[in-house]
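1. Return a 3D structure for these sequence lines:
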Amino acid sequence: MPSSFNNACYALLALCLSGAGSSLASEIAIRLGPPAIGVGGTNPVSIPPSLLDAQFIYVTQRNLEFNVSVTGFYVGRREKINGGASVALGAGFVLDANGSGPGIYSAFTYDFWCGWVCASTEYLQGVGLTNSGVVSPYSWRLGVSRWF
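-> Numbering: from 1, shown residues only. As a prediction, the model looks like this:
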């Protein structure tokens, strides 16, 4: 099973990257919030926030998303629903205190109070396969996004 799971993750990653050719930036987001990475649940956000609380997202005009945080490095497709909501699905490298390895992720994002920047919240859940078994880090973050 691990081999077929890895192959499925790589196939999903290749599918997501297939549209990246002529894409230009359309959104950049920075969000802060508590990640849960296998150490007994989420922790409160540090004051001042640390790099472990941060999430950086780059979305292209073709809805290809690059997502980097302490929970993993992901590439996926982001689709807008309406009224500021969007969902994302993709694959990448899942990070957890109990191990790291290839995996998949999904995210739900809501942008609100939009002006020059938007206030933004996102719930992200990853599932990955490691040498020690299945890991599933998640995060709930608040921040800002900027559309170009």
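2. what's near enough to touch the residue lying closest to Tyr105 once chain neighbours are set aside?
-> Distance criterion C-beta to C-beta, 6 or more residues apart in numbering; nearest residue to Tyr105, sequence neighbours excluded, is Gly126 at 4.2 Å. The way it works is simple: take the backbone N, C-alpha and C, and place the C-beta from them, glycine included. Gly126 makes contact with 71-72, 74, 92, 94, 103-105, 135-138, according to C-beta atoms under 8 Å, 6 or more residues apart in numbering.
3. Could you check the pLDDT of Gly126?
-> Note on Gly126: pLDDT of 95.
4. Run me through the strand neighbours of the strand or helix carrying it, direction for each.
-> Following DSSP states H and E, the helix or strand that holds Gly126 is strand 118-130. Strand pairing for strand 118-130, using DSSP bridges, gives strand 99-112 (antiparallel), strand 133-135 (antiparallel), strand 138-147 (antiparallel).
5. Determine which of the ones you listed shows the lowest mean per-residue pLDDT.
-> Looking at these, the bottom one is strand 138-147 with a mean of 89.
6. Return the set of buried residues in that one.
-> 138-139, 141, 143-145 (16 or more other C-beta atoms under 10 Å).
7. hmm, which two among the residues you listed are most spread apart?
-> Using C-beta to C-beta, the buried residues of strand 138-147 reach their maximum pairwise distance at Tyr138 and Val144, which is 20.9 Å.
8. Thank you, goodbye.
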